[in-house]
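**Q** coordinates for the following, if possible.
(chains A and B)
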Amino acid sequence: MSHLHLPDGILPLWLVMVGWIVTVAAVLVDLRLARRLELRRSLPRLGFVSALMLLAMSAEILPLAYHLNLSVIAGILLGPAMGLLSALIVCLFLALLGHGGLTVVGLNAPILAIEILLGGLWFRAFLGLRLNAPLAAALSTLLSLATSTCAMLAVVWLSRLEPARIVEHGRPAHFEAFVHLVFTLGSIGWLLEALVTAGIVHYLCRVRPSLVEPA
Amino acid sequence: MDLWAIDRWARRNGPLHRAAPQAKLAGVALALAALSLSTRPEVVGALAVAWFLVVIGTRVPATAALLLIGYAMGFASLYAFLTWEGSWPDAALLVMKAGGAAASVLSLIVTTPYPEVFRALRRWLPPLLVDALLLTYRSIFILLHRWEHLWDALRLRHGFSRRHPVHSARAMAPGLGVLLVGALDRSETLYDAMLLRGYRGRITAPKRYAFRKEDLVPLTLGLLSLALSMGTCGP
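**A** Residues are numbered from 1 along each chain as shown, chains lettered A, B, ... in the order given. Got it, this is the predicted structure:
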């Protein structure tokens, strides 16, 4: 649920513009931060983790057709500065593959970034509370996916925000049905993603604990 | 997402393949503007068909193109359902816009290798971001072999089950862990190799744009789309 699969040309222009303004501002701040922290060395890692996210998104867990995101893994391994760039890169690639429009990248990137950033932050916070790493990863995955799903639903809701139409028609009935559907099917997806993320973190703890230990 | 196939199609030779990425990007931008501005389903439908024919004209198999475009149209149908107000023409407009937009972007992607697209974008995007895009592209193809082998091995050893998604998810995790550790090791080696080969913060220099006659193909298609859209605007 980390991104809208909506194509170009169907979302209102004002919403697309707001999305791009937010994304460009965040990326400019992030690039300045990356320069100050000299994160250039992490560039190949950013490339590989983003590539792995893209490959994971092509793998479906049947019969739900849920595709993995590995966004929390990206948040843990890349940190906030590179995580934000990773969100933009993944969304750009997905758009160039026809999964979501190019103009929608400005909206998709912040949603995916929420997942990556919150996933990484919650993971560190849970480790601070002395939870074991796989459990911390599972909980952070559930929380970050729930948050990003709410953000995605907010964008869909905002896309209908034309005051005249709302006064005239009220809220669309289908939207509420959609919310129910997303939370019902989505929650199963969140559990699967949490299970996979916990499994990966468990493996990393055994073979390369330095990757998941708090700095 | 068949990345191998898309990369193979992009490296063929044809009039649209020979056009400069900048011209193709401009053509796609014009097409997207045309599709966004138009409010008439028949015009948007005609544009969608025209761009689909452009994609087919680049010798991409019709079924593969239909699948990629159909994916976008499927999600647009869902959005049309969500915003349904009893108007079939409005719903058709949304779905056709999605199809047209997907076809126009596809015409860029199946005729231009990704590195060329990113190199063309270097003029507008920060160098660090373009380098990251190029490295991600390279990493995808480094990992793709391992990914496919891993998938085959997992299928043979654990067996993904349609009935037990939890079993499938648990089987995936250690495999993905192996792949991840391998990828991180590879990223360290790659950075050292980049430094040895003289990397000082910029992988490639932007190519200077020089007009060639093939550039007229995407530009004309884009301009015609916009003209059709603007010419049929109004009640």
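
**Q** Three-state assignment for the residue nearest to the spatial centre of chain A, please.
**A** By CA atoms, centre = their mean, chain A has its centre lying nearest to A:Leu112, at 2.4 Å. At A:Leu112, secondary structure determined by DSSP: H, G, I helix; E, B strand; the rest coil is helix.

**Q** confidence score at it?
**A** Listed pLDDT for A:Leu112 reads 93.

**Q** wait, it sits on A:Val90?
**A** Yes: A:Leu112 is in contact with A:Val90 according to CB atoms under 8 Å; the separation is 6.3 Å. Just so you know, the C-beta spots here come from the backbone N, C-alpha and C atoms, and that holds for glycine as well.

**Q** residues in contact with residue 101?
**A** Let's take chain A. Residues near A:Gly101 by CB atoms under 8 Å, 6 or more residues apart in numbering or on different chains: A:6-9, A:95, B:72, B:98, B:101-102, B:105.

**Q** wrong one, I was asking about chain B
**A** By CB under 8 Å, 6+ apart, the contact set of B:Ala101 is A:7-9, A:101, B:31-32, B:35, B:72.

**Q** what are the boundaries of the helices in the chain?
**A** Looking at chain A here, since you left the chain open. Along chain A, counting by DSSP state H, helices occupy A:13-36, A:43-57, A:71-96, A:105-128, A:133-158, A:163-169, A:173-207.

**Q** I was after chain B.
**A** Here chain B has its helices, by DSSP H, at B:3-10, B:15-18, B:21-37, B:41-57, B:62-82, B:88-109, B:114-121, B:127-157, B:165-196, B:216-231.

**Q** deepest of those, which one?
**A** helix B:88-109 (a mean of 24; mean count of other CB atoms under 10 Å in any protein chain shown).

**Q** return the distance of it from the chain's centre.
**A** 14 Å (CA atoms, centre = their mean, to the nearest Å).

**Q** what mean pLDDT does that helix get?
**A** Averaged across helix B:88-109, pLDDT comes to 90.

**Q** and the gap between A:Leu158 and chain B?
**A** Using CB to the nearest CB, to the nearest Å, A:Leu158 is found at 12 Å from chain B.

**Q** what about that residue, how many neighbours?
**A** 15 (other CB atoms under 10 Å in any protein chain shown).

**Q** surely it and A:Val16 touch.
**A** No: the criterion here is CB under 8 Å, and A:Leu158 misses it with A:Val16 at 11.1 Å.

**Q** any idea which residue is closest to the centre of chain B?
**A** In chain B, the centroid-proximal residue (CA atoms, centre = their mean) is B:Ile109; its distance is 5.2 Å.

**Q** once you drop chain neighbours, what's closest to that residue?
**A** A:Leu96 (5.5 Å; CB to CB, 6 or more residues apart in numbering or on different chains).

**Q** and the one you found, what does it touch?
**A** By CB under 8 Å, 6+ apart, the contact set of A:Leu96 is A:102, B:105, B:108-109, B:114, B:117.

**Q** quick one: it and B:Ala193, what's the gap?
**A** Note on A:Leu96: its distance to B:Ala193, by CB to CB, to the nearest Å, is 26 Å.

**Q** again, but for B:Leu108
**A** 31 Å.

**Q** do A:Arg41 as well
**A** Taking CB to CB, one finds A:Arg41 at 13 Å from B:Ala193.

**Q** same thing with A:Ile76?
**A** 26 Å.

**Q** go on, B:Pro126?
**A** B:Pro126 sits 23 Å away from B:Ala193, going by CB to CB.

**Q** for B:Arg40, same thing?
**A** B:Arg40 sits at a distance of 54 Å from B:Ala193 (criterion: CB to CB).

**Q** kindly report the same for A:Val27.
**A** In terms of CB to CB, A:Val27 sits 27 Å off from B:Ala193.

**Q** next one: B:Arg12
**A** On the measure of CB to CB, B:Arg12 and B:Ala193 end up 30 Å apart.

**Q** residue of chain B closest to chain A, please.
**A** Residue of chain B nearest chain A, by CB to the nearest CB: B:Ala173 (2.3 Å).

**Q** find the nearest non-adjacent residue to that residue, please.
**A** A:Gly199 (2.3 Å).

**Q** ditto for A:Ala95
**A** Distances taken as CB to CB, 6+ apart place A:Leu102 nearest to A:Ala95, at 4.7 Å, with adjacent residues excluded.

**Q** residues contacting the one you found?
**A** By CB under 8 Å, 6+ apart, the contact set of A:Leu102 is A:8, A:95-96, B:28, B:32, B:105.

**Q** quick one on the thing from earlier: any chance of CSV for the contacts of B:Ala101, columns distance to B:Gly182?
**A** Listed next are the contacts of B:Ala101 as CSV, based on distance: CB to CB, whole Å:
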residue, distance to B:Gly182
A:Pro7, 35
A:Asp8, 36
A:Gly9, 40
A:Gly101, 33
B:Ala31, 41
B:Leu32, 39
B:Leu35, 42
B:Ala72, 33
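
**Q** wait, B:Asp7 sits on B:Pro113?
**A** Yes: using CB under 8 Å, B:Asp7 is in contact with B:Pro113, at 6.7 Å.

**Q** just the pLDDT for the residue in chain A positioned nearest to chain B.
**A** Using CB to the nearest CB, A:Gly199 is the residue of chain A that sits closest to chain B, at 2.3 Å. In this model, A:Gly199 is scored at 93, pLDDT.

**Q** what about it, how many neighbours?
**A** The local packing of A:Gly199 (other CB under 10 Å) involves 22 other residues.

**Q** identify the residues contacting it.
**A** A:134, B:169-170, B:172-174, B:176-177.
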